[in-house]
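# build me a structure from this.
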Amino acid sequence: MEVNVSEEMIYAALEELMKNNTESIQSATNYLLMAMNNGNSLILFFSMISKPYPDSARQLCALFCRRMILQFYKEFDSVSKNNLKSTTLVLLKQEKNVLVRRAICGMVSAIASFEMESSQWPEVIASIETLYCSSEWQERESAILLVFSLSKYVTRIIDPEHLNTILLAGLHDASYEVLSMTVKTCCNIMANLILEKRVPLLQPVLADCVQHLKSFYTSQDVDLLLLLLSTVGDVVSAKQLSVVTAVEALNTAVEIFSDAKQMNVVRNAAGLLILYFVEYYSETLLEKGFVAPLVDLALRCISDGVAEDGEEEDESVSQSAEMLMDGLGSCFPDDLIFQCVYGAASQLLGSSDWRARRSALTAMLVIMEYTYDYFKPVLQPLALQVHALLHDPVPAVRRKAAFFFSEAVDYCEAVLLEAAPFLLEDIQELINQPAEFDITNGLYILESMASIYHTMTLDTVLASLDTLVRIITTASLYKTQSLAVSCVSSIFEEMKGQVASRAPVCMEVAVAAITRPMDTDSIDVRGHCVELLMEIAHNCGVACLLPRLPALLQHLYGVVTEVNDLEYNSYIFPFISTVVREGLAAGAPVFATLEPQLQPFIPYFDSLLYSPYGSVHAFSSCIEYRDVNLPTATSEFGQLGGPFNVDADDSSYHFVRVDTRRVECKAAALDAAMSIKESMLALRHAFAPAELDKLAALLTELCQHTDSVIRHHAHKAVIVMVRVIRANEILQAEARGTTSTTPASGNGGAGGAGGNGGNGGAGGAGGNGGNGGNGGNSGYDPCKDVSSQTVRFATIVAHLYRSLLEKEEEASVAVDMFYVLEIVGLFVGREFYALALPELLSVIDTALKYNYPSEEDFIDDASFDLLPDENPVARQAVSLLESLCVSYAEIKPLLSLAALQDLWKDVVKLLTPNTDGAYLAVFLHLGSVLLENLQGDALFLVQDLMVILPCALEKQNETCRAESCRCLGWLCSVFPAQMSDSVNFVIECILRAMQKRTGDSGEAVDVATGALNRILKNVMDSPKQDLFVHVLESLPPTCDISEAESVYKTLMDMYENRGKMCMQFINPLIHCFVRSLVKGEILPASIKKRITECLFHMYSEDPKAFTAIVQTFSQEEVAYLSSLFATENN
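Have a look, this model is predicted:
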């Protein structure tokens, strides 16, 4: 719609815009926006800048000109462009009002965004030169303003040395206005140089800015001080600061942070800068001896702004000090941090100053995560000191003492309980105190001690439950109630059915809290009560909840549809999933009683999932579209200040952030919806093909969602979807008159195409082909039909994932995708591999060749250096590859040996002598899987493994040593001839691995025993006696039973054959068998049964000799054997 535009009408609209009247502002805004949509209006706005209108109106005209330049400049002819460039510079030189000058510089910036890429505006450089040499401060400020406007290009159009000269002159200008504008300009230029990694170009300016930190701190120029602290922090985080300048900046930041008289906002900004130095310049700080002083600084400030009751003032410095202490703990050697903190803190615990006592406790609990091994030897005396502080007269100290014990339980539980046997009594005393503050302290400790419930008598646990129930019903603070509910949940999680007798009363308390009148402050405790009901259902059976569950589900449906609180929904939706899952586990009759209350949730969840809010085509659930009618402040001129810095957006929409709770809520809704849909099939309610298509298409969309939380849950849902499609096909097959429901491994079957799939997210189970199969004719094959739709959907997923993995930015989500492909492959089988194998091999290759699935996003980022041993994606890719190898015999015609050889070459490239042991173990296990399943085809592995294994066997990581032994065992088993020359070296390595190291669980010994057994069977013609003894002495396994079946079979075969070795070692063999029964807790029942049968046979052959041998065993072993034989005789 065209609108009449004139200077008078524009000015009238500007006057209306400044009135305190919403209707007037809206009307004026609409007029101005329509006027600015006409490029011809630029002349009017431009001319008004130089006319005698009020400064505020002229500033707005300049800002509107900037917007119109951005919108229409490309449409101007060259004459108009040149005229606009020259007159804008003249206008800037003549303008006296600072705010109008800044707005005109915005016009310069807009023009520069088009002209500077080709360096077609030399006049602006000449203007800078002329203005910056002026004797008038306004003109010098204009020069700096021009430099600010050209921040993105200035280091390319002005010689860096000369630019340093201009900016240094501004930083030392006698006019504060020029100085202030220069600081802002320096910060703006630095922001661009940081991204380009070119900060050293302005190193002299940066050094001078760091010196100004001190002067602005002294003069209390808070705005400029905060701006410089932030900019220097950005430079530090980019590691582009010289050491000399870094030390000066750090010293100033430490001085500011230490100043208790300084504003909190300034101290916190200085604290953040110090933290950046700790994170990015740790080696420099360590070398120059900064660690101890920084620990002392954090310790001195860690209670600033804290009241005796434990409350902290807004923007408390104590929080910054805690962050600094945490950074010190994570970035510097554990022993050094422990010495610095513990040395000072242990003395402060007895101080008469309550802040000192609180600071000592806080510092220790913060670094506990990093230094717990050093705390363990001193926990006994330390626990006694902290024990006394649980009863300190100052509440703030008592709270931190409780937090200390809570943290110590997390990292040193066994040592702490031994050093502080009084702690359980303390907890009971605290939760029975009349003061709610002390009750809460006890709950904080109890909440972290869930695993100790097994060490307590059942009566004690039940008494604790009764106390916690009382607290839930009587506590006045929601926080106290919430902690108590969490503790009850932990008890049910740990004790399971042992505390089922208390399930009814706990259920009643939880339901009462959930169903009481709603208020926003109680969301947390309500949510924890919902979680408690989940734990009861999961550990004691959903039947415990049945008396109240139907009414509760009805209540919760009202909550989600009427209240619709995102935080509360994020608790409710997982509860629905649990009810469905546990209800099905309890059997169809139980679930049938719940189905009427669950049915209403289905359309509700569908409305969430299928609304535009769930679609990647129209909406990202962390971004909303909002219609923009009013102008908004621009980020660029917001930095410069001024009362009328407004600028309309270029588009008709702009993005507004939404609480991430919405994302979490939608993700939980997806889980619950999939659970209900799967449950419907369990109750034999089949889905129409179109409905499955719609759901499949939705999942492929959500797998591409912009939010990683949604993607994570969508990938989980894909696994459920495969099960749903398979179950639905079985129901359809039965409905068509067939009874077989056994999935077959056909060739994928005939039927309709599975849709387009791929990136578009379309396509699904069955596509347009209806039921997917030949459907109903006399030659109908139910098994073939049952598999076809499932395979098509699985193949769509594989194609989609191949594309998505190249773009995925979150390693955890990439791991999800590999896991899904592995599970789907195991579930669907050969049919899936027949269609999707190229995609599977491609994604594995991608993960092994790159440290990250989106390495191109980081290729130019020198600060990005993700070590291979930190790459979970490659680990999960290896797991997928192993699943293919396990099926090698079945899919050998599909999986070429050359492809496996190429993937193995990718693996070898990741491995070096310095590779982390835990990471190396993953690939060694892959080697064993390849050897076991490829057998003679795995010859290509031998040379590489024999290079890697000697180093791997020396790693500290026990799993790495175990997997090394497993590889050696399989090498000798599969290639005995090739390994015969190396057998002595191999045996030496394995015997060394069988020597248990301090801290070992026994995994290495167990696997090494199995490997030695393989070698004795496959390589050595006549096993050496001393080696056989090693096998017997290492049994039973204590951690890993993967080789147990093979080892015990060897022993039993040896006895049955009655060879010379058996007769020579009959005593230790019998002892090994008895010991395996007494101490082989992890041995399968099948092996124990065969051992028992073998012992009975040995006894029956020569009872007297057998009895004589047994008499030399331990009392425990003799008693066990006597009981075993007595039972057999009875």
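# elements contacting the helix or strand hosting residue 266?
Take DSSP states H and E as the rule and residue 266 turns out to sit in helix 264-280. Applying 3 or more Cβ pairs under 8 Å, 6 or more residues apart in numbering; DSSP states H and E, one finds that helix 264-280 makes contact with helix 222-237, helix 243-258, helix 291-301, helix 317-331. Yep, even glycine has a C-beta here, placed from its N, CA and C like the rest.
# mean pLDDT and mean neighbour count for those helices - can I get that in CSV?
Formatted as CSV, these follow (pLDDT from 0 to 100; neighbours: other Cβ atoms under 10 Å):
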stretch, mean pLDDT, mean neighbour count
helix 222-237, 93, 20
helix 243-258, 94, 20
helix 291-301, 96, 20
helix 317-331, 95, 22
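# so which of those helices comes closest to residue 842?
helix 222-237 (36.4 Å; Cβ to Cβ).
# quick one, what contacts the nearest residue to residue 572 once chain neighbours are set aside?
Spatial nearest neighbour of residue 572, chain neighbours left out: residue 556 (5.3 Å); criterion: Cβ to Cβ, 6 or more residues apart in numbering. Counting by Cβ atoms under 8 Å, 6 or more residues apart in numbering, residue 556 touches 514, 530, 572, 575-576.
# kindly recompute the last result at 10 Å.
With contact taken as Cβ atoms under 10 Å, 6 or more residues apart in numbering, residue 556 is in contact with 514-515, 530, 568-569, 571-573, 575-576, 579, 597, 601.
# quick one: residues contacting residue 212.
Counting by Cβ under 10 Å, 6+ apart, residue 212 has contacts 171-172, 179, 182-183, 186, 219, 221, 224-225, 228, 252.
# what do you get if the cut-off is 7 Å, keeping everything else the same?
171, 183, 228 (Cβ atoms under 7 Å, 6 or more residues apart in numbering).
# output stretch 107-116 as CSV - backbone C-alpha positions only.
Only the C-alpha atoms of stretch 107-116 are listed here, as CSV (Å, rounded to 0.1, in the frame of the first residue of the first chain):
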residue,chain,number,x,y,z
MET,A,107,25.0,5.2,7.7
VAL,A,108,28.7,5.0,6.8
SER,A,109,28.8,1.5,8.2
ALA,A,110,25.8,0.5,6.0
ILE,A,111,27.4,1.9,2.9
ALA,A,112,30.8,0.3,3.8
SER,A,113,29.1,-3.1,3.9
PHE,A,114,28.6,-2.8,0.2
GLU,A,115,31.6,-0.8,-0.9
MET,A,116,34.5,-2.0,1.2
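# state the mean pLDDT of it.
In this model, stretch 107-116 carries a mean pLDDT of 84.
# what about the lengthiest helix in the chain, distance to the chain center?
If you go by DSSP state H, the chain has its longest helix at helix 708-735. Put simply, helix 708-735 sits 25 Å off its chain's centre (Cα atoms, centre = their mean, to the nearest Å).
# next one: stretch 1067-1087
Chain-centre distance of stretch 1067-1087: 43 Å, with Cα atoms, centre = their mean.
# and the closest residue to residue 305 other than its chain neighbours, its phi and psi?
Of all residues not flanking residue 305 in the chain, residue 316 sits nearest, at 3.7 Å (Cβ to Cβ, 6+ apart). Dihedral pair for residue 316: phi -60, psi 140, per degrees, to the nearest 10.
# residue contacts, residue 316?
264, 305-306.
# I'd like those residues as JSON lines, with pLDDT and distance to residue 36 appended.
Below are the contacts of residue 316 laid out as JSON lines (pLDDT from 0 to 100; distance: Cβ to Cβ, whole Å):
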{"residue": "264", "pLDDT": "92", "distance to residue 36": "42"}
{"residue": "305", "pLDDT": "89", "distance to residue 36": "48"}
{"residue": "306", "pLDDT": "91", "distance to residue 36": "52"}
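# for whichever helix or strand comes after the helix holding residue 266, name the packing helices and strands.
Following helix 264-280 in sequence order, the next helix or strand is helix 282-287 (DSSP H and E). On a contact count with 3 or more Cβ pairs under 7 Å, 6 or more residues apart in numbering; DSSP states H and E, helix 282-287 meets no helix or strand.
# now helix 282-287: average pLDDT?
The model assigns helix 282-287 a mean pLDDT of 93.
# can you give me the helices in the stretch 301-450 of the chain?
All helices of the stretch 301-450 of the chain, identified by DSSP state H, counting those that start in this stretch, fall at 317-331, 334-348, 354-375, 379-389, 395-419, 423-431, 436-447.
# okay, the last one in PDB with CA atoms only?
Taking Å, rounded to 0.1, in the frame of the first residue of the first chain, the C-alpha atoms of helix 436-447 are listed here in PDB:
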ATOM      1  CA  GLU A 436      14.100 -27.200  59.300                       C
ATOM      2  CA  PHE A 437      17.400 -25.800  58.300                       C
ATOM      3  CA  ASP A 438      19.200 -28.600  60.100                       C
ATOM      4  CA  ILE A 439      16.800 -31.200  58.700                       C
ATOM      5  CA  THR A 440      17.700 -30.000  55.200                       C
ATOM      6  CA  ASN A 441      21.400 -30.300  56.000                       C
ATOM      7  CA  GLY A 442      20.900 -34.000  57.000                       C
ATOM      8  CA  LEU A 443      18.900 -34.500  53.800                       C
ATOM      9  CA  TYR A 444      21.700 -33.100  51.600                       C
ATOM     10  CA  ILE A 445      24.000 -35.700  53.000                       C
ATOM     11  CA  LEU A 446      21.500 -38.600  52.900                       C
ATOM     12  CA  GLU A 447      20.600 -37.800  49.300                       C
END
